[in-house]
Structure formats: C-alpha cells, structure tokens
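Engineer: sequence below, structure please.
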Amino acid sequence: MKKIAFILSIFITISAFLSGCGKENASNKEKDQNLLQVYTTVYPLQFFSEQIGGQYVEVKTVYPPGADEHTFEPSQKDMMALADADVFFYIGLGLEGFVDKAGKTLKDEEVKMVPVGEAVHFDEAGHQENDHSDDEHAEEDSHAEEDSHDDKGGNDSGDGHAHGDIDPHVWLDPIYANDLALAIKEQLIEQMPEHKDTFEQNYSELAAQLEDVDKEFANVIHSAKRKEIIVSHAAYSYWEERYGIDQISISGQSTTNEPSQKELQKLISHARDEKIKYVLNEQNFESKLAKMVQEEIGAKSLTLHNLSVLTDKDIKNKETYFTLMERNISTLGKALNE
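Structural biologist: Numbers count the residues shown, from 1 in each chain. A predicted model of the protein is given here:
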C-alpha cells in the first residue's frame, strides 16, 4: 500500500510540474505576441530600434554576421521571417539591392516597409549649420580635396557627393544617424501609440549620446596632424563633409566598384609622397587591392568598422553602435597623427 501511495505521489508531482511548464510556455507565447516584431537591414537600425522600443519590441536583422551589405541576397527562409514581421526598417538610398524584389514578394503580407534613409535631412544637418569650430575651413579644405582627388588616385566612383551621388552610409554620421533614430521612433509610436512616452524618452537619451559622438569626432579630426586616410571602400564621405577629413578610397561606394590600374597607381604614388602609414580595412570586407596597396607603400593595417553588420566577435564581445564608434574615433586618432 505504501508503495502504491509513493508511486501516486510521484505521478502527481510530475503532472503538476508539466502543467506549470505548459502554463509558462503559453504565457511566454502570449507575451511574444504582444511584442512588435521588427526586422532591419544594417546594424544601426537594429540597435536604434532596440534602444527606442525597449521591452515592447523584438528586433532582428536580416543580415547574418559579417555579411556585405552591398551584395547580400536573402534566402527563402529570410523572406519567410520578413513576412511574419510587423515592421521592416531599411536604409534605401540605393543601398539594399534586394529590397525592391522583397517588396513585391511581401506586397500581400502585413509588413510595414520603412525606408528610414529617406528621413535624413541632408541640407539641414550638413556641416554648414554645424557649430563646431573651424567648420568654414573644413568645408573649404573638403572642396579643395575633392577638386584634386583625381590627381591623387582612388576610384572616381568613391567620392560620394562630389559626383552628385547619395552615399547610403548615412548611419556613420552621428547627426544623420539621429535622423534615422527619429524616423524609427515615429514609426514605433504609430504602431504602438500607447507607449509613446516611453519611446520619446528612450529616443531623447539616444539622441544625446549621438550628439556626444559628433563632438568627439570633431575634436579628434580637427586637432589631427593630417587630414587624409586610405580606406578600402568609400563609405566615409559624410566624415569628409562634416569634419574636413579626406578619404582616399580604393573601391567606390559599393565594394564591387574597383579602380582602374591608372587610378590605383595614382593612389599609390600619392600615398608614398604623403608618407601615409596606414591602410584602413573593414570588419566585413577583405580587400585584396587594399592588401596590395598596403604592401606597395609599406603601410600597416588598421580596422575601421563601417557598422553595417556585426561580426561573430562583435556579438560575443557585446559591442554596440557607441562602443564601435568610440573604437573608430580611436583608430582615426592613430591614423591621422602618425
């Protein structure tokens, strides 16, 4: 009899445990359904969405770690995940080649597609209205460098606005990044107006941090010994415009735009004449041409993080938009002062 009672007590305990697990799983499922499902392309959009949305959003990026934002093509699995999202934030401005096709595929799904790059106020947030010291000189230097860029080498397609193109790497400019964050905040409020106060507060804190990053960039670059950097691809035109730095790019705005042999030789000759000591590579783009230039001019390699995607190492180290931008500021300080 005691044996039967013991077996019954074990059965009751297990049943109660399983019942509790079932209720917990159901509760978690219900909780997930209450979250706004957000997908993004480049990492800063993911980070800004998480920071502003807080506990009310679940945010994922369509890019796998280390992907090239210029050449990425989503898989069928990626498209199925996008179809389940409430909002899809992407830059636009010609950056994500797959978006037009994705839009046609998702047209019958309830996914709000938001090209946040279209919210950037290029005229209003340019260096003309920036209150940093030496802005007028920075502007003059920038235009002078643009006029002489062809004499220094580099890819003509990499000059960004000098050729009337829109550089899609707007998130690298902390002032333009604020425009992206503002657009995300407004869309989150539209989706979940009941949490407006929280989103407004979170955005305000984020905007203050972006303003601090802007000041740090200005201080480091304006006080530097030189104003030129050699970069593997032309992602940094907004730093040129706002802070007066000059990027000598090996590839153009897209990593697939490679220079001619003549352009490459001009770049190498200029780098030798100016005794440039570093070639700046990126975390998700290994350039054989950059390696060749580095060897030709006897330079060292540094990493400049374009923040388009995180690497596995970045994720492991819990890097954020701000920690990576701080690292970039430190890298620029070294490249521009040695």
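Engineer: how much space between residue 54 and residue 43?
Structural biologist: Distance, residue 54 to residue 43, using C-beta to C-beta, to the nearest Å: 18 Å. C-beta here means a position set from N, CA and C on the backbone, and glycine is covered the same way.
Engineer: typo on my end, it should be residue 104
Structural biologist: 26 Å.
Engineer: when those two are compared, which one has more neighbours?
Structural biologist: Using other C-beta atoms under 10 Å, the more surrounded residue of residue 104 and residue 43 is residue 43, with 24 against 9.
Engineer: for that one, phi and psi?
Structural biologist: phi -60, psi -40 (degrees, to the nearest 10).
Engineer: these two touch, right, it and residue 309?
Structural biologist: Yes: counting by C-beta atoms under 8 Å, residue 309 is a contact partner of residue 43 at 5.5 Å.
Engineer: what's the overlap in contacts for those two?
Structural biologist: 61, 63 (C-beta atoms under 8 Å, 6 or more residues apart in numbering).
Engineer: contacts made by stretch 98-113 with the rest, please.
Structural biologist: Stretch 98-113 is contacted from outside by 41, 72-74, 79, 82-83, 85-88, 90, 92, 115, 187, 191, using C-beta under 8 Å, 6+ apart.
Engineer: if we go to 6 Å?
Structural biologist: 73, 74, 79, 83, 85, 87, 88, 90 (C-beta atoms under 6 Å, 6 or more residues apart in numbering).
Engineer: quick one: which of those is nearest residue 198?
Structural biologist: residue 87 (16.7 Å; C-beta to C-beta).
Engineer: ok, back up a step: filter the contacts of stretch 98-113 down to the buried ones.
Structural biologist: For the contacts of stretch 98-113, a neighbour count by 16 or more other C-beta atoms under 10 Å gives the buried set as 74, 79, 83, 85, 87, 88, 90.
Engineer: keep only those of those that are in strands.
Structural biologist: Residues of the buried ones among the contacts of stretch 98-113 located in strands (DSSP state E): 87, 88, 90.
Engineer: could the residues you listed be laid out in JSON lines, adding distance to residue 60?
Structural biologist: JSON lines is the format used below for these (distance: C-beta to C-beta, whole Å):
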{"residue": "87", "distance to residue 60": "11"}
{"residue": "88", "distance to residue 60": "10"}
{"residue": "90", "distance to residue 60": "13"}
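Engineer: just these now: which is nearest residue 294?
Structural biologist: Distance to residue 294 across these (C-beta to C-beta) is lowest for residue 90, with 33.2 Å.
Engineer: against residue 109, how distant is that closest one?
Structural biologist: The gap separating residue 90 from residue 109 is 15 Å, by C-beta to C-beta.
Engineer: could you do residue 326 as well?
Structural biologist: Distance of residue 326 to residue 109, given as C-beta to C-beta: 39 Å.
Engineer: same check on residue 292?
Structural biologist: Distance from residue 292 to residue 109, by C-beta to C-beta: 46 Å.
Engineer: now residue 60, nearest residue through space, not along the chain?
Structural biologist: Spatial nearest neighbour of residue 60, chain neighbours left out: residue 39 (5.6 Å); criterion: C-beta to C-beta, 6 or more residues apart in numbering.
Engineer: name the SS class of the one you found, please.
Structural biologist: Secondary structure state of residue 39, per DSSP: H, G, I helix; E, B strand; the rest coil, is strand.
Engineer: specify the beta-bridge partners of it.
Structural biologist: Beta bridges link residue 39 to residue 60, residue 88, judged by DSSP bridges.
Engineer: that one - how many residues pack around it?
Structural biologist: For residue 39, using other C-beta under 10 Å, the count is 25.
Engineer: that one touches residue 88, doesn't it?
Structural biologist: Yes: if you go by C-beta atoms under 6 Å, residue 39 and residue 88 touch, sitting 4.9 Å apart.
Engineer: which residues do those two both contact?
Structural biologist: Joint contacts of residue 39 and residue 88 (C-beta under 6 Å, 6+ apart) are residue 82.
Engineer: pull out the buried residues from stretch 200-209.
Structural biologist: 202, 203, 206, 207, 209.
Engineer: now do the SS call for the second one.
Structural biologist: When you say that, I think you mean residue 203. Per three-state DSSP, the secondary structure class of residue 203 is helix.
Engineer: please name the nearest non-neighbouring residue to it.
Structural biologist: Leaving aside its sequence neighbours, residue 203 sits nearest to residue 185 (C-beta to C-beta, 6+ apart; 4.2 Å).
Engineer: that neighbour - how many residues pack around it?
Structural biologist: Counted by other C-beta under 10 Å, the residues lying close to residue 185 total 23.
Engineer: just checking, it touches residue 199?
Structural biologist: Yes: in this structure, residue 185 is within contact of residue 199 by C-beta under 6 Å, at 5.3 Å.
Engineer: mind listing the shared neighbours of these two?
Structural biologist: residue 52.
Engineer: tell me where the stretch 201-338 of the chain is predicted with low confidence.
Structural biologist: 253-256 (pLDDT under 70).
Engineer: at 80 instead, please
Structural biologist: Scanning the stretch 201-338 of the chain for pLDDT under 80 picks out the ranges 233, 251-260, 284-287.
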